[in-house]
Each structure stands twice: as structure tokens, then as C-alpha cells.
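Chemist: The sequence and its predicted three-dimensional model are supplied below.
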Amino acid sequence: MARRTPIAALTCVLVAGGLSACAGEAPVTLGGGYEVCVQSDAAMVTFGDVVRTSNGAAVLMDSIDLIDPEGLELRESYLVPIEGTTSLGSDAYPPNPEVWNRRIDVRGTVVDPGTDITALFAVAPVGGGEVHRSAGYTARYWLDGRLIEATSTARFVVASDCSAPADEE
């Protein structure tokens with residue numbers, strides 16, 4: 001569960017301080033190891049990925065950013081509580097109202113221990129070219145008074161033709 005309450009945020013961070021030392025797993029894990037391509041000429045599209053918190057700690061979210069974007073600009077990012085088993089893979093902008101209407105700001109949101117929540121990215125292809133991509137993304141969060149960064153290798157691509165082979169570098 002995610003919530004936006006400054007007092008609750010302070011309490012959760014204090015409580016997490018006592019619990020996080022006992023947790024053997026990373027406080028936040030992100031999806032990775034895959035690539036999603038959206039064939040689009042639209043000004044903006046959305047991608048989503050699941051952010052998981054360990055059972056040992058609530059975290060106070062700070063920011064979500066793309067890694068090494070090439071012709072892809074992050075315009076907006078949100079967290080979206082997952083209802084049932086529905087998360088967001090990729091969609092138009094704005095995405096389905098069932099997802100869009102549940103969005104909350106990243107900065108200042110407390111994500112409770114043991115929670116799965118969607119990181120929603122609204123991106124725009126910029127500059128010329130047929131393929132616009134990122135090499136992954138980062139999620140920054142506060143725990144025990146420290147700013148920590150989790151990294152994902154999930155790659156987001158907007159292209160005029162997703163069936164074309166990926167560029168070799």
C-alpha cells in the first residue's frame with residue numbers, strides 16, 4: 001500500500017530503521033532483463049514496471065529516472081497501486097483510466113513493506129530517428145536516513161517498427 005502522509009512517512013522511516021537491519025533482501029527490487037517496444041508515432045506513450053518492497057521495510061520514495069535515454073525523454077513519472085493482478089506494461093498516453101486515475105506522485109510516497117506497486121513512465125520520443133530508447137531506469141528512495149538507488153535493466157523503446165532488429169552498438 002502507498003500513501004502520502006508526511007507524519008506517516010516519518011513514522012515509517014523510523015520503524016523501517018529498526019526493521020531494515022533484519023531484512024536479508026534488498027529493500028526495493030525492480031523488474032529487469034527485458035525490453036518493451038511500442039510502435040508509435042504518438043507524442044507520448046506510457047510504460048510500467050513493478051516495484052517491490054521487501055517485507056522488512058517501508059520506504060519513502062524520492063524519484064524515478066531513465067538510464068541513458070537516447071531520443072527518449074521522461075515527461076512524467078508516477079506510482080500506481082496494483083489492484084488484483086493488473087499492472088501496466090505499455091499503453092497510450094494517458095493510459096487506461098482504471099490505471100491513470102489511481103496514479104500518485106513518486107516523491108514523498110511511502111510504500112509499505114511487502115508491497116508491489118507499478119512505476120508508471122510517460123515518455124516522449126524526441127529528436128530525429130526511428131528508434132528512441134532507454135537502457136533501464138533508477139528508483140531512488142529513503143531508508144534509515146540514507147538516499148538509496150535501485151537500478152533496473154528493463155529497457156523501454158518507442159520505434160516506428162518494433163519488428164526491425166535492434167541496433168547493434
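Modeler: Happy to help now that I have it.
Chemist: CA only for contacts and neighbour counts going forward, please
Modeler: Will do.
Chemist: can you give me the helices for this protein?
Modeler: Assigned by DSSP state H, the chain shows helices spanning 6-20, 97-100.
Chemist: Lowest average confidence across these, which one?
Modeler: For the helices of the chain, mean pLDDT drops lowest on helix 6-20, to a mean of 37.
Chemist: Centroid-nearest residue for this protein?
Modeler: A119 (2.9 Å; C-alpha atoms, centre = their mean).
Chemist: tell me the pLDDT at P27?
Modeler: For P27, pLDDT reads 94.
Chemist: my bad, should have said A92
Modeler: For A92, pLDDT reads 87.
Chemist: For it, which non-adjacent residue is closest in space?
Modeler: V45 (4.8 Å; C-alpha to C-alpha, 6 or more residues apart in numbering).
Chemist: you'd agree the residue nearest to the centre of the chain is up against D49?
Modeler: Yes - under the criterion of C-alpha atoms under 8 Å, A119 makes contact with D49 at 5.3 Å.
Chemist: Any idea what the residue nearest to A92 is bridged to?
Modeler: Note on V45: beta-bridge partners A92, V123, judged by DSSP bridges.
Chemist: How about the contacts made by it?
Modeler: V38, S90, D91, A92, Y93, P94, A122, V123, A124 (C-alpha atoms under 8 Å, 6 or more residues apart in numbering).
Chemist: what's the closest non-adjacent residue to E35?
Modeler: E35 sits nearest to R155 (C-alpha to C-alpha, 6+ apart), 4.5 Å away.
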